[in-house]
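S.K.: Model the structure of this input:
(2 chains)
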Protein chains: 2
Amino acid sequence: MTASVHQLHPDRAPTLEPLIALTAADMNAVNQVILARMQSEVPLIPELAGHLIAGGGKRMRPMLTCASAALCDYPGTRHHKLAAAVEFIHTATLLHDDVVDMSGMRRGKRTANIIWGNPASVLVGDFLFSRSFELMVEDGSLKVLKILSHASAVIAEGEVAQLTAQRQIATGEDTYLHIIEAKTAALFAAACRIAPVVAEAGEDAELALEAFGRNLGIAFQLVDDAIDYTSDEGTSGKSLGDDFREGKMTLPIILAYARGGEADRRFWKEAVSGDRVADDDLAHAIALLRSTDAIGDTLERARLYARRALDALAPFPSGKAKAALSEAVAFAVARAY
Amino acid sequence: MTASVHQLHPDRAPTLEPLIALTAADMNAVNQVILARMQSEVPLIPELAGHLIAGGGKRMRPMLTCASAALCDYPGTRHHKLAAAVEFIHTATLLHDDVVDMSGMRRGKRTANIIWGNPASVLVGDFLFSRSFELMVEDGSLKVLKILSHASAVIAEGEVAQLTAQRQIATGEDTYLHIIEAKTAALFAAACRIAPVVAEAGEDAELALEAFGRNLGIAFQLVDDAIDYTSDEGTSGKSLGDDFREGKMTLPIILAYARGGEADRRFWKEAVSGDRVADDDLAHAIALLRSTDAIGDTLERARLYARRALDALAPFPSGKAKAALSEAVAFAVARAY
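M.R.: Sure thing, here's the model as predicted:
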């Protein structure tokens, strides 16, 4: 089903393995920076940060920084510190997200806010965020600082916009796209773009990798939002229907609501308002999402953005880095199957 | 009673008026930056940020940046953006603090987390924090970025350390001082230090103003922690005994506990554990703080740090800026009377 995006190996499902292999040595160095720089004389900080950082995340964003550096034939090591900074921003965002969403599970583990409480999650997130800027300042590129400080502000705006749209049945696809572009794709884009900056690969390479990251990020979030209605905790580490119970206006609901008859629309209004949180309600929601093809079309949109991400790589020479990034795109949209 | 610190005008109480007058034109420009840069296409952001920013804060920190610039005879305007960045960091910290402390009142108004909820306060805090870095990046001084990113990390560490010490009766004066130096004095110090950086006034001026800000910040927080047991909502905008009910180990309690007999110590242990939150308990606590002179000695410590702050100004030439900063120090320690 992902054939329209990527057909490197039509006989097997795409994986992250080529990306992981390509960036293994780099990521070893990045992980050392991460571990060294999440330390603090206040023991709760490494304890809490380590729970999430060591807790089975894929490290997608720093891997993208490293693979982008490889794509630009960057021979140096400056991207290690910057990739760690990107991961710190992401980790800070996750810690705050879990407080905002009152989440209980992430990556199959209890969330930090459940174990240590909301205050600790908020403050350790602030610490990691500050530390990420310290890492960037140590690197010393004002251009990188500009890209990542802007991305951070956009992420926060996207999170507030998402909060504003929560439980608002009138939220449309444009608003939704705008939100995920801000809350998710902005950091993917920045993670990719800083590599050609340190590699001094030029404006064209920067814009191409920015577009690659942004479109991959959008595809990634679209699939995530579909998975929320198709997976169970065992495979995704999240609880099935978390978004549903939180009244989050993701694309599956937006499409199903737009396509629904009067009774269906009444159901979605009640569900988004928080009046239908039983298991039966979730089962009914999933049935409606299937009958309106809302999940399938969300994934179709994801494949469109994945296609754009691949197109953005066109100017770069073929090789291991391009192949690894291409297969990562295919993997991102194949996760839902 | 502040005679030991400052005796410019022994016939009247010190005020912030000279500082306000000195920085009026600058602060007009700073306020314009603040208002312009807290805007966002997401309406909740300026709404929530504006509630706190327009909500009667003294703007102590950006005024200190402006007065420090005047002390260094800085003729430019770069400090306007940077003073706004400092205020954004402070505002972000306040928004997160109110979530952490579950506060209901600040500056005599309902807190943002009460009006808009914790999630919005966390995320708008993140936005302001990111925006503050964008402002610094626009200014373009890596030295300023280093000072403020480091201060931000130290603030977060101080807040986590405070959280760890909460409800821990064994917390001593050293730990307390370390916490307030991090959570409060680090930003005062950074706010002052960045002015000689943009003024290119030299390392000596930087270190002197850093020491000035740090000692003023410690004095300021010591007085704040005393006021928590002496004022009422009408005069401070805070609720009397907030720290008491939250089990915060501030110096008044640390001193009273150390000086108390067996029954008093038992009372403090129960109080700090959260088992004595009635109005009678607070009244008893205040009586103990008075009988052990814990409030008076907290203020005595504040005067010591105020003295150090004034000493740090010694190398600078006399004039309006030095006089205004000196009287601000005297005001900081006179607030409690």
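S.K.: lowest-pLDDT helix or strand in chain A?
M.R.: helix A:233-236 (a mean of 54; mean pLDDT, DSSP states H and E).
S.K.: gap between the next helix or strand after that one and the chain center?
M.R.: Counting by DSSP states H and E, the next helix or strand C-terminal to helix A:233-236 is helix A:242-245. Here helix A:242-245 is found 18 Å from its chain centre; the criterion is CA atoms, centre = their mean, to the nearest Å.
S.K.: Please state the mean pLDDT value computed over helix A:242-245.
M.R.: Throughout helix A:242-245, pLDDT has a mean value of 92.
S.K.: residues near A:Ile115, how many?
M.R.: Around A:Ile115 there are 13 other residues, counting by other CB atoms under 10 Å in any protein chain shown. Using the backbone N, CA and C atoms, a C-beta is placed for each residue, glycine as well.
S.K.: which SSE is it in?
M.R.: helix A:112-116.
S.K.: Residues contacting that helix, please?
M.R.: Applying CB atoms under 8 Å, 6 or more residues apart in numbering or on different chains, the contact partners of helix A:112-116 are A:44, A:47-48, A:51-52, A:95, A:98-99, A:102-104, A:120-121, A:124.
S.K.: Is chain B within reach of whichever strand or helix holds A:Val160?
M.R.: Following DSSP H and E, one finds A:Val160 within helix A:142-165. Yes: for helix A:142-165, a contact with chain B is found by CB under 8 Å from any CB of the partner chain, at A:142, A:145-146, A:149-150, A:152-153, A:155-157, A:159-161, A:163-164.
S.K.: if we can go back for a sec, list the buried ones in the helix holding A:Ile115?
M.R.: The neighbour-count check on helix A:112-116 (16 or more other CB atoms under 10 Å in any protein chain shown) flags A:112-114, A:116 as buried.
S.K.: distance between that helix and the chain's centre?
M.R.: 21 Å.
S.K.: Using CSV, write down the CA coordinates of that helix.
M.R.: Extracted C-alpha coordinates of helix A:112-116, given in CSV (Å, rounded to 0.1, in the frame of the first residue of the first chain):
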residue,chain,number,x,y,z
ALA,A,112,7.0,11.4,34.0
ASN,A,113,4.1,13.5,35.2
ILE,A,114,2.4,10.4,36.6
ILE,A,115,5.6,9.3,38.4
TRP,A,116,7.0,12.6,39.6
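S.K.: Quick check: mean pLDDT of it?
M.R.: Helix A:112-116 comes out at a mean pLDDT of 94.
S.K.: need the next SSE after that helix, C-terminal direction.
M.R.: Counting by DSSP H and E, the next helix or strand C-terminal to helix A:112-116 is helix A:118-139.
S.K.: now the angle between helix B:142-165 and that next one, please.
M.R.: Angle, helix A:118-139 to helix B:142-165, by axes from the mean of the first three to the mean of the last three CA atoms, to 10 degrees: 160 degrees.
S.K.: Now do the helix holding A:Val160: which elements does it pack against?
M.R.: For helix A:142-165, the packing partners by 3 or more CB pairs under 8 Å, 6 or more residues apart in numbering or on different chains; DSSP states H and E come out as helix A:78-101, helix A:118-139, helix A:173-180, helix A:186-198, helix B:44-53, helix B:118-139.
S.K.: Which positions in the stretch 101-250 of chain A make contact with chain B?
M.R.: A:101, A:118-120, A:122-124, A:126-127, A:129-131, A:133-134, A:136-137, A:140, A:142, A:145-146, A:149-150, A:152-153, A:155-157, A:159-161, A:163-164.
S.K.: Of these, keep whichever come out buried.
M.R.: Members of these classed as buried by 16+ other CB under 10 Å are A:101, A:118-120, A:122-124, A:126-127, A:129-131, A:133-134, A:136-137, A:142, A:145-146, A:149-150, A:152-153, A:155-157, A:159-161, A:163-164.
S.K.: Show me what counts as buried in the helix or strand harbouring A:Ala328.
M.R.: A:Ala328 is part of helix A:320-334, with elements assigned from DSSP H and E. Buried residues in helix A:320-334, counted by 16+ other CB under 10 Å: A:321-322, A:324-334.
S.K.: quick one: which of these is nearest chain B?
M.R.: A:Ala332 (25.6 Å; CB to the nearest CB).
S.K.: Leaving aside the residues adjacent along the chain, what's closest to that closest one?
M.R.: Take A:Ala332 and drop its neighbours on the chain: the residue closest to it by CB to CB, 6 or more residues apart in numbering or on different chains is A:Phe220, 4.9 Å away.
S.K.: Chain neighbours aside, what residue packs nearest to A:Val198?
M.R.: With CB to CB, 6+ apart, the residue lying closest to A:Val198 is A:Arg78, at 4.6 Å.
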